[in-house]
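Enquirer: Here is my input, please return the structure:
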Amino acid sequence: MGDIFEESLFSRQPGQFEKIDFQAKSFAANYCGNTIIRDSIFGIAANYARKRELPLEILRYPFKDEELWAFTFVKKGTLFLCVNSELAICKQIFAVGHELYHIHCYAEDIDPDTIASGSLLDSKTADDLAVSQEDLEANAFAGLLLMPDRILDEQTKIYGINCEKIWVDDVLTLMELFALPYKAAVLRLAENHNITPAKAGELLKADASFISERIMLTGKALGWQQNSRELLYFGSLLDDMEYNSENDLLTDSREESDREYLEKIRKGFRNEG
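Expert: This is a model prediction of the structure:
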C-alpha cells in the first residue's frame, strides 16, 4: 500500500506538483467556490463544460467491473464522461475529479490528446500507480480539488485531530468530511505537510480489511462506501427523448428508433451484445 506515496506526483516531481496545486486552486476559485465539494463534483463538471461551451454528457452505469472507475472520450464533438456507479460513491467522486483534469487539459488546449484518444481510469491508476504523466497530474489535481489545503487544516483543527498521533480512525473522520477514498486522504495529509512521509507510509500499510472493519465499527465514512448501482443515468439522451415524446415532436417511427438506440447503449454497457 505504501508505494502510492513514493510514486505520487508530490514525491516524484515536486515542481510539477506545485504547478498542479496552482491549477487546482485557480479552478476552484472559478468553478467551485469556498466549499467542501464531495458529490457536487458531478454538477461542477457539468457547469465547467457549460461555461467553456463544451458539449458534455455525464453517464453513470454499473459496469460490473470494480477495476473500471471511469472513462472519457470525444464523439462527434461531444465529450462523454462515463462513471461506474457500481463503485463506492467516494471512488466515483475521485474518478470525476481525475477525469475533470483531462477535460480541463482538453478545454484549455493544454494537452487535448488524452481525451481525443480516450481516457480510461482503472483501479491501478487511481489507487496505486499512475503510468502516464497526465494521469499522475490528474490524481494530484483530484486530491487537491476535493481536499483543499486550507479547508483540510481548518477541519483537522475543528475536529481536534492531532496529526502527530494520527491513526486510521482520524483518517476515517476526514474521509467522512471530504468523501475521499482512504489512500487519497492519507496522500493529501502528506502533501499538505500535516503528517510526515514516515507517518504516511505507516498509515498506508493498514490492511484494507482492517480499514473496512473500522468503518463498520465507527460508522465513519460509511455512507460514502455505498455504491449507487441502481442509478442509471444517460445524460441528456433520455431527457431529450422524453421531452420530444411528451411534446409530440417525434414521429412514431423516430420515437421507436430512439428507444431502440437507448436500449442498444444499455446493452453495450452490460456487454450483452
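Enquirer: Give me the below-cutoff pLDDT ranges for the stretch 101-250 of the chain.
Expert: Where the stretch 101-250 of the chain drops to pLDDT under 70, the residues are 231-250.
Enquirer: Please repeat the previous calculation with a cut-off of 90.
Expert: Within the stretch 101-250 of the chain, the segments meeting pLDDT under 90 span 108-118, 126-132, 228-250.
Enquirer: Which parts of it are strands?
Expert: For the stretch 101-250 of the chain, the strands defined by DSSP state E, counting those that start in this stretch occupy 119-122, 233-234.
Enquirer: list the buried ones in the longest one?
Expert: I take that to be strand 119-122. By 16 or more other C-beta atoms under 10 Å, the buried positions in strand 119-122 come out as Ser119, Leu121, Asp122. Where you see a C-beta, it was placed from the backbone N, CA and C, and this is true even at glycine.
Enquirer: Tell me the one among the residues you listed nearest to Leu79.
Expert: Leu79 lies nearest to Ser119 out of the buried residues of strand 119-122, by C-beta to C-beta, at 10.2 Å.
Enquirer: what sits against the nearest residue to Ala116 once chain neighbours are set aside?
Expert: Excluding its sequence neighbours, the residue lying closest to Ala116 (C-beta to C-beta, 6 or more residues apart in numbering) is Val74, at 5.9 Å. Applying C-beta atoms under 8 Å, 6 or more residues apart in numbering to Val74 gives the contacts Phe80, Tyr106, Ile115, Ala116.
Enquirer: I'd like to know how far the closest residue to Gln226 other than its chain neighbours sits from Met175.
Expert: Nearest residue to Gln226 in three dimensions, chain neighbours excluded: Ile89, at 6.1 Å (C-beta to C-beta, 6+ apart). From Ile89 over to Met175 the distance is 11 Å, taken as C-beta to C-beta, to the nearest Å.
Enquirer: Name the residues contacting each of those two.
Expert: Contacts common to Ile89 and Met175, judged by C-beta under 8 Å, 6+ apart, are Trp224.
Enquirer: about what we covered before: now, which of the contacts of Val74 sits nearest Asp3?
Expert: Closest approach between the contacts of Val74 and Asp3, by C-beta to C-beta: Ile115, at 27.3 Å.
Enquirer: Can you report how many residues neighbour the closest one?
Expert: As a burial measure, Ile115 scores 22 neighbours (other C-beta atoms under 10 Å).
Enquirer: need the contact list for the nearest residue to Leu129 once chain neighbours are set aside.
Expert: Leaving aside its sequence neighbours, Leu129 sits nearest to Glu7 (C-beta to C-beta, 6+ apart; 5.1 Å). Contacts of Glu7 were listed using C-beta under 8 Å, 6+ apart, and they are Asp128, Leu129, Ala130.
Enquirer: Run through the residues that contact the closest residue to the last one other than its chain neighbours.
Expert: I take that to be Ala130. Leaving aside its chain neighbours, Ala130 sits nearest to Leu136 (4.5 Å; criterion: C-beta to C-beta, 6+ apart). Going by C-beta under 8 Å, 6+ apart, Leu136 touches Ser8, Leu9, Arg12, Gln13, Ala130.
Enquirer: Quick one: neighbours of the last one, just the number.
Expert: Other residues near Ala130 come to 23 when the count uses other C-beta under 10 Å.
Enquirer: you'd agree it is up against Asn139?
Expert: Yes - if you go by C-beta atoms under 8 Å, Ala130 and Asn139 touch, sitting 5.4 Å apart.
Enquirer: tally of neighbours for the residue nearest to Gln226?
Expert: For Ile89, the count of nearby residues is 18 (other C-beta under 10 Å).
Enquirer: again with Gly223
Expert: For Gly223, the count of nearby residues is 12 (other C-beta under 10 Å).
Enquirer: circling back: let's have the buried residues of strand 119-122 in a markdown table, adding distance to Lys183.
Expert: Listed next are the buried residues of strand 119-122 as a markdown table, based on distance: C-beta to C-beta, whole Å:
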| residue | distance to Lys183 |
| --- | --- |
| Ser119 | 20 |
| Leu121 | 14 |
| Asp122 | 15 |
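Enquirer: out of those, who's nearest Asn34?
Expert: Leu121 (27.3 Å).
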